[in-house]
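1. Here is a sequence together with a model predicted from it:
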Amino acid sequence: MFEDQSRRAFLQRSSSLGIVGAASPFVMNLAAIGEAAASVNTDYKALVCIFLFGGNDWANTLPPYDQASYNAYQAQRSALAYLRTDLAPTLLNPTTALPGGRQFALSPSLAPLLPVFDAGKMAPVLNVGTLMQPTTKAQYTAKSVPLPPKLFSHNDQQSFWQASNPEGANSGWGGRIGDLMQAGNGNATLTCINASGNAVFLTGRQAVQYSVGTSGPIALSARTTLYGSTAASTALQNLMGGTNAGLLANEHAKVSKRSLDAYAQVSTALTAAPVLTTAFPTSSLGQQLKVVANMISMSSQLGARRQVFFVSTGGFDLHDNLVALHPGLLNGVATAARAFYDATVELGISDKVTAFTGSDFGRTLLANTDGSDHGWGSMHFVMGGAVKGKQLYGTAPEYGNNTPSDVGQGRLLPTTSVDQYASTLASWFGVANSDMTTVLPNMGNYNASTWNLGFV
């Protein structure tokens, strides 16, 4: 297995350093950067995380439509709730009805995604959130099971969602997937790619994230000329990437050289990328997803077999002005995600690319005047040609305050953990069950029969 080759090569590099003590993990990670084993995979797959920073309001993203649930929803947030008549055009009609006659509709602002759902290529996953193990309300109240630390805190829950650890985590589950998969790529650098800056989600124990801008790869200074001189630029690049006597300096030079080489490789590939007829929004998220689509279109030229991408958008921390601002934010996500899906169809690779949403947490069902407060569980979406769509997955919550589904104010107690959500995606991507606890350390707390939720 290529996973074993990757681990074996890493251990060989680590042992050759002959270093122990507190500094060794840092040095071992430096040593792991770069060298890619021969490609083993013969097919291509990509995971694309669309992260909504700020904590998305779950109740107005996937509002209830059956009369009893709608009445309870409207009673708890009358100033924020959609009119039921406005939800009729985006009512979801799954192939298999939910138990108890439960029904949901997309927010009207998510209407561009309804045809994807109806085509069976998109699936909502209900009440997903950070957990350390299956947790009942009685256990939560009694504090008899471990809980994610610093619940309802933006930074810590963003980190726990992306990394299974609070703020300060040094690797994320997307990066840890990259650790297992990078040996199958011709260039390990192009395994974990971030189009929105930097995120712990894509940091592996060995894999490092490669950042791109909306117009393509980001150049290091003096890539072509230095003060107008090509010769000076070449000399600087030789200094940056040359061999050094010191261990740390030498590893820094390897990182610099890798960056320069990756820039040249990606730039060359993207100049030959097919011109997409799919029109992407001019928004930041739209342009992030456009560059991801362009990179995926050139995956074979880049020698990539498995890639994990991260894109993001913000503004979802709506303690105020939810009615005024939330629809526009959701529509921005919907138009960008729909364009991305359409581009994968145009490229003929929609079944090779799975996109999914994430967010810090959900929000309270109860209104905070004209907004909602920090919550816990939330509604998420998975989209792509391999998705077993036109279905809703997970457990539909009850609507109210202090129901069995929530821990107060309509803060949903998650019934599907981020780990289960992630393990389903990882399994499709090719991560073996035997490696799942390496990617998701808490998975050992769940019955193995619940590791794969079946939505892809």
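-> That came in fine, so what should we check first?

2. In the chain, what helix or strand scores lowest on average pLDDT?
-> Scoring the helices and strands of the chain by mean pLDDT, DSSP states H and E places helix 24-32 at the bottom, with a mean of 36.

3. That one: what's the following helix or strand?
-> Later in the chain than helix 24-32, the nearest helix or strand by DSSP states H and E is strand 45-52.

4. Tell me the first helix or strand C-terminal of that following strand.
-> With DSSP H and E, the next secondary element past strand 45-52 is helix 67-76.

5. Would you mind putting the CA coordinates of that following helix into CSV?
-> Extracted in CSV, the C-alpha atoms of helix 67-76 (Å, rounded to 0.1, in the frame of the first residue of the first chain):
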residue,chain,number,x,y,z
GLN,A,67,-46.6,22.1,9.5
ALA,A,68,-45.9,21.0,13.1
SER,A,69,-42.1,21.7,12.8
TYR,A,70,-42.7,24.9,11.0
ASN,A,71,-45.1,26.1,13.7
ALA,A,72,-42.4,25.4,16.4
TYR,A,73,-39.7,27.1,14.3
GLN,A,74,-41.8,30.2,13.7
ALA,A,75,-42.8,30.4,17.4
GLN,A,76,-39.2,30.5,18.5
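
6. name the helices or strands packed onto that helix?
-> Contacting helix 67-76 under the criterion 3 or more Cβ pairs under 8 Å, 6 or more residues apart in numbering; DSSP states H and E is no other helix or strand. C-beta coordinates here come from the backbone N, C-alpha and C atoms, glycine included.

7. and after it, which helix or strand comes next?
-> Counting by DSSP H and E, what follows helix 67-76 is helix 84-87.

8. what's in contact with that next one?
-> 63, 65, 70, 74, 105, 108 (Cβ atoms under 8 Å, 6 or more residues apart in numbering).

9. who does the fifth one bridge with?
-> With DSSP bridges applied, the residues forming beta bridges to A105 are L91.

10. Tell me the pLDDT of it.
-> At A105, the model reports a pLDDT of 98.

11. got a list of what it touches?
-> For A105, counting by Cβ under 8 Å, 6+ apart, the contacting residues are 62-65, 87-88, 90-92.

12. now the residues you listed in TSV, with pLDDT and neighbour count?
-> Below are these laid out as TSV (pLDDT from 0 to 100; neighbours: other Cβ atoms under 10 Å):
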residue	pLDDT	neighbour count
L62	98	24
P63	98	25
P64	98	24
Y65	98	20
L87	98	21
A88	98	11
T90	98	21
L91	98	13
L92	98	20
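
13. returning to that earlier point: what would the contacts of helix 84-87 look like in TSV with distance to V200?
-> What follows is the contacts of helix 84-87, written out as TSV (distance: Cβ to Cβ, whole Å):
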residue	distance to V200
P63	32
Y65	37
Y70	38
Q74	38
A105	34
P108	34
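
14. got the residue ranges for the helices in the stretch 301-450 of the chain?
-> 322-346, 418-429, 436-439 (DSSP state H, counting those that start in this stretch).

15. Pick the most buried one from the ones you listed.
-> helix 418-429 (a mean of 24; mean count of other Cβ atoms under 10 Å).

16. Between which two of the contacts of A105 is the distance greatest?
-> L62 and A88 (14.9 Å; Cβ to Cβ).

17. Measure how buried the closest residue to R306 other than its chain neighbours is and give me the count.
-> Closest residue to R306 apart from its sequence neighbours, by Cβ to Cβ, 6 or more residues apart in numbering: M181 at 3.9 Å. M181: 30 surrounding residues under other Cβ atoms under 10 Å.
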